[in-house]
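[1] curious how this folds, go ahead:
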Amino acid sequence: MTTDRHLLKEHGVDHVYRVKELEESESYELFNWAAFNQACLPEGFAELSRQVVAYCGGLPLALELLGLYLHGSEVLKWKGVLRSLERFSIPSGQLVEALEKSFRYLSDEEKQIFLDIACFLIGMNQNDVLQTLNMSMQCTTLQISLLEDKSFVTIDENNKLQMHVMQQAMARDIVTRQSSKKTDQMSGYLPSNMGLFDRPPHASTTRLVRSADIKNIVERVTRFLDKTELFVTEHPVGVESCVEASTKLLNIQNSEDVLLLGIWGMGGMGKTNIAKAIYNQIGSKFEGRSFLLIIREFWETCINLVSLQQQVLCDVYKTTTFKIRDIESRKNILKERLAQSKVLLVLDDVNELDQLKALCGSYEWFGPGSRVIITTRDMHLLRSCRVDRVYAIQEMDESESLELFSWHAFKLPIPVEDFAAHSEDVIVYSGRLPPLALEVLGCYLSDCEITEWQNDSDFRKCTKSFK
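    Numbers count the residues shown, from 1 in each chain. This next block holds a predicted model:
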């Protein structure tokens, strides 16, 4: 057994079996045993568990250690863990230590390229990455190939570099720790050979850095940071059409006015996923952007909008130098700063007007061409803050509902033949459940035998519980 496929190639082994990530149902079972000492979810933890399992991406080590980390914890700690994962930060020190073991065996060049890719280059074409890193083409190609053999990166069918979310989080944790130790050595983990400081030839000027060099650094690093995309969902059924309709309402191409868009729908309809997909698609068109996730839950548990205000500034300006002490006296900081830029701001799951007053007080807060997206279950709130346009999420049609259900019940876009009729009955009888409920229902039924599906009383009891 080994994590290094290159080693197996060198020794000429006859066959290689690659261990794959766990399937969704297996992931739930392993996580549940670690977190709850049982295979089934206790009441009140279904959605929290689903989000944690999604971030683990079928990695048994992450599922087990995060489950143990959360074992016996209250809901508040679970929400804190999810906020950490959303920021690509691993809350469990034991998991960080386990992931870093393999990293330590990389060569210095491999470590550097791995950190470059993890922090800046995920989702980029391999050819573009080779040019961006500005190293020997042959050398870099070899290093990326070795990283792929050692399971640190993958190259998809479109020749784009991908990486497990836990490895991205590990890389960022390493960079953060290195930066805190050597704050005066800014080039330590920036992309290799970026041409940071071209030294002048004369000794009297060797300590000067030309403004053009600094501008180049800022522009390139900012462009790299803008490559980071938010995780949407593994099976984005129906999301694309919603994103297309919402983006048209934003009128990005033709308007220099500030525009507020509300995305409205009941819980579980996929508002957050739609907002994330829009953010990923159009974010690069703005000078700065920020996505504040699940403000309602943050407000209920922390009641600390100061940190949210600070996050907006840090996201938009890529710095942590802003210090905000209280909400009211510091609204002017947001207004003065954001008014200088074309900004994309997404406020997710808002449920109180005070939240909007603190984070996007008026149109004057934002520079020309800025866009603010607000997701909420409360239409009255959108009317109160006078948004320009509202996208109301519609129920999925039967074909979309069946596809989403099938992905979670069978790991396929259509039902398995023996279950086709029963699956259609689920969709009809459930009355077009919201996407989240269909996902949970599909996972629940994925472990059931066909006899259980055929039992009318059990079937009705199951689907009724998700209404």
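[2] I'd say S25 and S446 touch.
    Yes: assessed by Cβ atoms under 8 Å, S25 is found in contact with S446 at 4.8 Å. Using the backbone N, CA and C atoms, a C-beta is placed for each residue, glycine as well.
[3] please, where are all the helices along the stretch 251-400 of the chain?
    Applying DSSP state H, counting those that start in this stretch to the stretch 251-400 of the chain gives helices spanning 271-282, 295-301, 305-317, 331-338, 353-359, 379-384, 398-410.
[4] what packs against the third one?
    Helices and strands touching helix 305-317, as assessed by 3 or more Cβ pairs under 8 Å, 6 or more residues apart in numbering; DSSP states H and E, comprise strand 288-292, helix 295-301, helix 331-338, helix 353-359.
[5] of these, give the one that comes closest to H422.
    Nearest of those to H422, taken as Cβ to Cβ: helix 295-301 at 35.7 Å.
[6] hmm, who's touching that closest one?
    For helix 295-301, contacts defined as Cβ atoms under 8 Å, 6 or more residues apart in numbering pick out 76, 79, 83, 292, 304-305, 308, 347-352, 355, 359.
[7] which one of those is nearest D173?
    When the contacts of helix 295-301 are compared for distance to D173 (Cβ to Cβ), R83 wins out at 15.3 Å.
[8] what helix or strand is the closest one on?
    Counting by DSSP states H and E, the secondary-structure element that holds R83 is helix 75-86.
[9] which other helices and strands contact that helix?
    If contacts are counted by 3+ Cβ pairs under 8 Å, 6+ apart, helix 75-86 sits against helix 46-56, helix 60-70, helix 295-301.
[10] if you set the cut-off to 10 Å instead, what comes out?
    Counting contacts by 3 or more Cβ pairs under 10 Å, 6 or more residues apart in numbering; DSSP states H and E, helix 75-86 packs against helix 46-56, helix 60-70, helix 165-181, helix 295-301.
[11] and of the helices of the stretch 251-400 of the chain, who's closest to K20?
    Distance to K20, taken as Cβ to Cβ, is lowest for helix 398-410 among the helices of the stretch 251-400 of the chain, at 17.1 Å.
[12] relative to helix 398-410, how tilted is the next helix or strand along the chain from the closest one?
    Counting by DSSP H and E, the element after helix 398-410 in chain order, helix or strand, is helix 420-430. Helix 420-430 and helix 398-410 are oriented at 120 degrees to each other (axes from the mean of the first three to the mean of the last three Cα atoms, to 10 degrees).
[13] which elements pack onto helix 420-430?
    Other helices and strands packing on helix 420-430, by 3+ Cβ pairs under 10 Å, 6+ apart, are helix 398-410, helix 435-445, helix 450-454, helix 456-464.
[14] where does K181 land on pLDDT?
    What the model reports as pLDDT for K181 is 61.
[15] so where is the stretch 151-300 of the chain shaky, pLDDT-wise?
    179-228 (pLDDT under 70).
[16] just the strands in the stretch 101-250 of the chain please.
    For the stretch 101-250 of the chain, the strands defined by DSSP state E, counting those that start in this stretch occupy 154-155, 161-162.
[17] what are the contacting residues of the last one?
    So that's strand 161-162. Strand 161-162 has contacts (Cβ atoms under 10 Å, 6 or more residues apart in numbering) with 117-118, 121-126, 128-129, 144, 147-148, 153-156, 168.
[18] so how do I select the buried members of those in ChimeraX?
    A single ChimeraX command selects the buried members of the contacts of strand 161-162 (16 or more other Cβ atoms under 10 Å):
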select :117,118,121,122,124,126,129,144,147,148,153,168
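[19] just to revisit the earlier point, which one of the helices and strands packed on helix 75-86 lies closest to F419?
    Nearest of those (Cβ to Cβ): helix 46-56, 22.2 Å.
[20] which parts of stretch 33-51 are buried?
    A34, A35, F36, L41, F45, L48, S49, R50, Q51.
[21] now the helices: where do they sit in the stretch 1-150 of the chain?
    Using DSSP H, counting those that start in this stretch, the helices of the stretch 1-150 of the chain run over 5-10, 24-36, 46-56, 60-70, 75-86, 93-104, 108-116, 126-133, 137-149.
[22] ok, which of those comes nearest G265?
    Using Cβ to Cβ, the nearest of these to G265 is helix 46-56, at 16.0 Å.
[23] pull the distance from that closest one to the chain's centre.
    Offset of helix 46-56 from its chain centre (Cα atoms, centre = their mean, to the nearest Å): 13 Å.
[24] output that helix as CSV, restricted to C-alpha atoms.
    Extracted C-alpha coordinates of helix 46-56, given in CSV (Å, rounded to 0.1, in the frame of the first residue of the first chain):
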residue,chain,number,x,y,z
ALA,A,46,-29.6,16.2,9.6
GLU,A,47,-28.7,19.4,7.8
LEU,A,48,-25.6,20.1,9.8
SER,A,49,-24.3,16.6,9.2
ARG,A,50,-25.1,16.8,5.5
GLN,A,51,-23.0,20.0,5.2
VAL,A,52,-20.0,18.5,7.1
VAL,A,53,-20.1,15.3,5.1
ALA,A,54,-20.2,17.3,1.8
TYR,A,55,-17.0,19.2,2.8
CYS,A,56,-15.3,15.9,3.7
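[25] what mean pLDDT does that helix have?
    The average pLDDT within helix 46-56 is 87.
[26] then stretch 126-138?
    On average, stretch 126-138 scores 64.
[27] domain map for the chain?
    The chain breaks down by automatic domain parsing into domains covering 5-86, 239-392, 398-464.
[28] next, format those as CSV and append distance to F103.
    Output for the domains of the chain, formatted as CSV (distance: least, Cβ to Cβ, whole Å):
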stretch, distance to F103
domain 5-86, 14
domain 239-392, 25
domain 398-464, 31
